[in-house]
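Peer 1: Predicted model and sequence follow; I will ask about them next.
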Amino acid sequence: MLKACSTSEATTLLRISWDEADGIKQRAVKRGLERKPVRVNPDLCVDEKSAARGQEYVTVVARVDADGTTVDYVGQGRKRESLDAYWQQLTPQQLEGVEAIAMDMWDPYVLSTSAYVPQGAEKIVYDPFHIMKHMNDAVNDVRKAEHRALSAEEDATLEGTRWLWLYGVENLPEAQRPAFDLLKFS
């Protein structure tokens, strides 16, 4: 019944409390996890997801294989301990078998992976979105510093050019190319 409808509907139909329904679900999940075969997952993804309004997060670990992507673990919060709990449940053979872990640059996840997975730091693959975000932030910081220096000399060359610098060259609108070329060579 709990698989067929929402917990609220199931409690009404079965005439049980929400706590009783939750207990049934918890025991079912525990039994399922106990029957789950031990396997080496060479390719993993680690990310945090917003679980509620505000700053409530969960840590999600998914394995990627020929069958697709499957969530292997969900932990409370997005702290190092959230990911530590996942690594702690794996056998030494499973930890040794991890070949690549895709993740963002969140320090707690990097520290956890480095602590538990053999050669973990070398097996981390940072996702391109976060790499580009850091690169764009660095380019923008340099642009702002240069603009301040030029403005002090009453040179307005960089005035209104923020977005030109943050486009990828392949995405720069054709109408903006002449202005950007002037900036590059001035």
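Peer 2: In hand now; what should we look at? Numbering: from 1, shown residues only.

Peer 1: Give the buried residues for the lengthiest helix in the chain.
Peer 2: In the chain, taking DSSP state H as the definition, the longest helix is helix 128-152. Buried positions in helix 128-152, judged by neighbour count with 16 or more other C-beta atoms under 10 Å: Arg143, His147. Every residue, glycine included, has its C-beta placed from N, CA and C.

Peer 1: Does anything pack onto it? Which helices or strands?
Peer 2: helix 162-166 (3 or more C-beta pairs under 8 Å, 6 or more residues apart in numbering; DSSP states H and E).

Peer 1: quick revisit: what does the longest helix of the chain rub up against?
Peer 2: Asp104, Met105, Ala156, Thr157, Leu158, Glu159, Thr161, Arg162, Trp165, Leu166 (C-beta atoms under 8 Å, 6 or more residues apart in numbering).

Peer 1: Where does the most centrally placed residue in the chain fall, secondary structure wise?
Peer 2: Taking C-alpha atoms, centre = their mean as the criterion, Asp47 is the residue nearest the geometric centre of the chain, at 3.0 Å. Using DSSP states H and E, Asp47 sits within strand 43-50.

Peer 1: CA atoms only: put the helix or strand following that strand into PDB for me.
Peer 2: Counting by DSSP H and E, the next helix or strand C-terminal to strand 43-50 is strand 57-65. Taking C-alpha atoms only, strand 57-65 is exported to PDB below (Å, rounded to 0.1, in the frame of the first residue of the first chain):
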ATOM      1  CA  TYR A  57      20.600  19.900   2.100                       C
ATOM      2  CA  VAL A  58      21.200  16.200   1.600                       C
ATOM      3  CA  THR A  59      24.400  14.600   0.200                       C
ATOM      4  CA  VAL A  60      23.700  12.300  -2.700                       C
ATOM      5  CA  VAL A  61      26.000   9.600  -4.000                       C
ATOM      6  CA  ALA A  62      25.100   7.900  -7.300                       C
ATOM      7  CA  ARG A  63      26.800   5.200  -9.200                       C
ATOM      8  CA  VAL A  64      27.100   5.300 -13.000                       C
ATOM      9  CA  ASP A  65      27.300   2.100 -15.000                       C
END
